[in-house]
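**Student:** here is a sequence together with a model predicted from it:
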Amino acid sequence: MAKKRLTLASVLAFTLSVSALTGCSSGGGDNEKNASPSPSGSASAPASSGASGESGAKDTITALLPPVSATYQDNFEQMAKDFNALYPNLTLKIEPASWEDMTQKLDTQVNAGSPPDIAFIGSDGISKYVQQGMLMDISDTATPEMIADYEPAPLEYMKNGKGLYGFPAYMEIHAIGGNKQFLEEAGIDWKNVQKNGWTYDEFREAIKKGVVKEGDKTKRYGFVFATAGVASKDYLNILVKNAGMPSAFTKDLKYAYTSKNYLEVLKDVRQLIDDGSMPKELSSIDAGKRWNMFLTGQTMITGKGLATFENSANKNNSKIDANDGSAVEGSIKADYIVLPVPSFLGQPAVSTPAVDGYVTFRGKKEPTAEHKANVVKAAYFLASGKIAAQTNNELFVAHITKTGKEAAASMTVNRNPDNQAAVEVLLSHAAPARPDIPTELGAKAIKLEDEVIIPKLQALLANEIKPEDMYEAVKSAAIKEFGQDGVVTD
Amino acid sequence: MARLARTNKRRIFHADGAWAYGFIAVALLVYAMFTAYPVVSAFFISFQEYKPLGSVYVGLDNYKNTFGESLFWKSIRNTIVYTALTVPISLLISFAIAILILPFKKRLQTAFKAIYYLPAVASGVAMSVVWLWIYDPLPSGLMNRLLDVFGIPNQNWLGSSATSMFSLVLMAWLSSHGTSIIIYLAALLGIDNSYYEAADLDGASFFQKLWHIVLPFLKPTTLFLLVTGVIGSFQVFQNAYLMTGGGPDNATTMVGLLIFNNAFKYFEYGEAAAQSLVLALIIAIVSYFQFRFLGKDVEY
């Protein structure tokens, strides 16, 4: 009996050890598996969708995808089936992830050296992974037909240096949005603003008119922007783009935020709070809170504003009409109006684009030409045609591929035509991509932003430091990081 | 002779003692894989610039960067302030609650223990969401409404350097006492009743009994909770990450959060590993002094 128990204990211990060791093994990922050469064969895919390095050998492409739009993840099974129907030798294996988990999941896989072949991320994350050497340059594999399908501006955002690291899904503009009724009550000609933009002074006066007080207490603010935590950088970034600083680096690669214009924007940021047009607790207001404030009529204008907010407001309006209990508590009907960010100091308006897309990764081993071509096919499949059309329509964002526009032609979208036209105007002067910024410089700028700009901006918003203090802190940190000759002096 | 040795060996492995070796081996293996290996690995990574496709040896650069970084020292200061404010007060609260629960019957004691332990079962994220709601900066926020009753203007709890650290400390004071209460209660129940009876005969007051009987008997327990509390507090990460993100102006950036940011935000694993080892060293030194000065007459 004792012998049997001993044998059993040994077997259990051995099993546990082996299974644990197997779990720790770094090998066996799809990338590594697919890195081995496979026999080539004839491709059954349409010529227009083919990529160089074609092979008929079986292959699996993995993709880590978040819920890009409301129904996006519900369609994964169909997407995989459609892809397999188009390329019978290929399997698209989609791993869903929540937005909250996405970065952590991807970073863990990347650092373990076994990322998915494709991941849906913001184009601003490309430089980080390029620096690690974990992205797959597809510039030599994507066919001219694929490239020609895209509008050049968003495609540029998927580049770093000379490399192309995936395909964009959409180009979204970070704007601000107003409540139509409140804008009109405040005498703001919003249609004119949508067409011609506004200056900071015009904006300042307009949001002052939007404030409604009851005694000492403010019932409604003119403008509320989500600035809690890291969201504060969005606020400053979209403002400084309209103050002659479309990027953190000038064309001759000097750090731009040491310009005097930066200081002027910081003064204006403080001024809007001191005017009482924005809440003095602004530094603690997060994205959820300010959207709640918009829907409950506590602010006339909100930011940052995405096109999809119109959809969200419309849905809430329908719930209010239907007396549906799931409408936001205390909300009122609100028609969402897309508005541009004001321009500063006589500088031209430059809107802030956010380009997200399907980025292509590589594993520890160099991928074969066949596998690379298959990954490109899958990335293009996801970022164009029907899938792009459906997703972008749900998000109320403009289509950036010819095939997407064609597929969307038969789909109906309940969108305010004024907003649609306003977004077109904003897209026409979107900040261009800067693939020329070296990854090391970009990484230094991000660290400076995280360790100096965001903390100081939080302090500025909380009225703990003056704009001049923040400017000096940013300037001295920038000089320390980039050198006296590496920063703008004006 | 050889036969005798073989027989002895067989006896060792066939005896019940072999079971112990089997189970210890499993625990040891798990410890080696999930604790010892990462620590040793962190030590080597701290001398490298980590990259998935091949790390580069950089000598002591990561340590030099760490010690030359003002944010690192600020995070150390924040962590010490947080620890100094939370650990002693939390121990005091746990001790007071345990004393209050002690006179109850066993069933009621169990009910109270379960109630106080409940927050430990709840997810930290869920708890943070509740506290974010409590600290709503607008006048409609729960804490601000409370202040309004006393005519105090509303506060930007998590958005101001003046109140953000206090907000995290208050959160620690008012939650997660369950484990300490249970340990204190177990220790209190271990004190023999004859001591209290003798004290009663001598006419000792409640506070005299507390001072002369309870506190000396609870010294080992207090030392244990203090040491583990300080270690836990030095490693605090979740509250700052979820509630303030380290802001405003890094007023709540703790070492744990700094290490996390370096590792998972900037992929600077080498610097993060160096900072982790420095933190481990600080914790070891603090624990040494705690044992040296507070554990002098503690018997286990």
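**Tutor:** Thanks, I have the structure now.
**Student:** dump the strand ranked longest in chain A to CSV, keeping only the CA atoms.
**Tutor:** Criterion DSSP state E: the longest strand present in chain A is strand A:166-179. Extracted C-alpha coordinates of strand A:166-179, given in CSV (Å, rounded to 0.1, in the frame of the first residue of the first chain):
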residue,chain,number,x,y,z
GLY,A,166,0.4,47.1,-41.0
PHE,A,167,-2.8,48.6,-42.4
PRO,A,168,-4.9,51.4,-40.9
ALA,A,169,-8.5,50.7,-40.0
TYR,A,170,-9.7,54.3,-39.8
MET,A,171,-8.6,57.8,-39.2
GLU,A,172,-10.6,59.4,-36.4
ILE,A,173,-10.4,63.1,-35.5
HIS,A,174,-10.1,64.1,-31.9
ALA,A,175,-12.4,67.1,-31.8
ILE,A,176,-14.9,68.6,-29.3
GLY,A,177,-18.7,68.3,-29.3
GLY,A,178,-21.5,70.5,-28.3
ASN,A,179,-25.2,70.2,-27.3
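**Student:** surely residue A:218 is within a strand?
**Tutor:** Yes: inclusion of residue A:218 in a strand is indicated when DSSP: H, G, I helix; E, B strand; the rest coil is applied.
**Student:** is it true that it touches residue A:212?
**Tutor:** Yes: using C-beta atoms under 8 Å, residue A:218 is in contact with residue A:212, at 7.3 Å. Just so you know, the C-beta spots here come from the backbone N, C-alpha and C atoms, and that holds for glycine as well.
**Student:** packing partners of the longest strand of chain A?
**Tutor:** If contacts are counted by 3 or more C-beta pairs under 8 Å, 6 or more residues apart in numbering or on different chains; DSSP states H and E, strand A:166-179 sits against helix A:152-156, helix A:231-240, strand A:299-305, strand A:336-339, strand A:352-360, helix A:369-382, helix A:385-395, helix A:417-428.
**Student:** can you list the strands that that strand pairs with?
**Tutor:** The strands beside strand A:166-179 in its sheet (DSSP bridges) come out as strand A:299-305 (antiparallel), strand A:336-339 (antiparallel), strand A:352-360 (antiparallel).
**Student:** got a markdown table for those strands, with mean neighbour count too?
**Tutor:** Listed next are the strands paired with strand A:166-179 as a markdown table, based on neighbours: other C-beta atoms under 10 Å in any protein chain shown:
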| stretch | mean neighbour count |
| --- | --- |
| strand A:299-305 | 27 |
| strand A:336-339 | 26 |
| strand A:352-360 | 24 |
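**Student:** would you format those as JSON lines with distance to residue B:296 included?
**Tutor:** Formatted as JSON lines, the strands paired with strand A:166-179 follow (distance: least, C-beta to C-beta, whole Å):
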{"stretch": "strand A:299-305", "distance to residue B:296": "59"}
{"stretch": "strand A:336-339", "distance to residue B:296": "69"}
{"stretch": "strand A:352-360", "distance to residue B:296": "60"}
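**Student:** want to try a markdown table for those strands, with distance to residue A:69 and mean pLDDT as columns?
**Tutor:** What follows is those, written out as a markdown table (distance: least, C-beta to C-beta, whole Å; pLDDT from 0 to 100):
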| stretch | distance to residue A:69 | mean pLDDT |
| --- | --- | --- |
| strand A:299-305 | 17 | 95 |
| strand A:336-339 | 17 | 97 |
| strand A:352-360 | 11 | 95 |
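**Student:** next, residue A:112: phi, psi?
**Tutor:** phi -80, psi -10 (degrees, to the nearest 10).
**Student:** tell me the pLDDT of it.
**Tutor:** With respect to pLDDT, residue A:112 scores 87.
**Student:** same check on residue A:28?
**Tutor:** According to the prediction, residue A:28 has pLDDT 38.
**Student:** where does the stretch 1-150 of chain A dip in pLDDT?
**Tutor:** A:1-55 (pLDDT under 70).
**Student:** quick revisit: which one of residue A:218 and residue A:212 is surrounded by more residues?
**Tutor:** residue A:218 (20 against 16; other C-beta atoms under 10 Å in any protein chain shown).
**Student:** what's the spacing between the nearest residue to the more buried one once chain neighbours are set aside and chain B?
**Tutor:** Closest residue to residue A:218 apart from its sequence neighbours, by C-beta to C-beta, 6 or more residues apart in numbering or on different chains: residue A:211 at 6.3 Å. Relative to chain B, residue A:211 is positioned 15 Å away (C-beta to the nearest C-beta, to the nearest Å).
**Student:** what parts of the stretch 201-300 of chain B come near chain A?
**Tutor:** Taking C-beta under 8 Å from any C-beta of the partner chain as the contact definition, the stretch 201-300 of chain B meets chain A at B:244-250, B:261, B:264-267, B:269.
**Student:** which residues of the stretch 101-250 of chain A fall in helices?
**Tutor:** Ranges of helices in the stretch 101-250 of chain A, per DSSP state H, counting those that start in this stretch, are A:126-132, A:144-149, A:152-156, A:180-185, A:190-196, A:200-209, A:231-240.
**Student:** show me the chain divided up by domain.
**Tutor:** All of this refers to chain A. A:51-172+A:354-428, A:173-353+A:434-486 (automatic domain parsing).
**Student:** oops, chain B please
**Tutor:** Per the record, chain B has its domains at B:2-45, B:70-294, by automatic domain parsing.
**Student:** which residues are contacting stretch A:237-254?
**Tutor:** By C-beta atoms under 8 Å, 6 or more residues apart in numbering or on different chains, the residues outside stretch A:237-254 that reach it are A:174-175, A:255-257, A:259, A:261-262, A:264-265, A:268-269, A:303-304, A:341-345, A:347-352, A:431-432, A:434, A:436-438, A:441, A:445, A:449, A:482, A:485-488.
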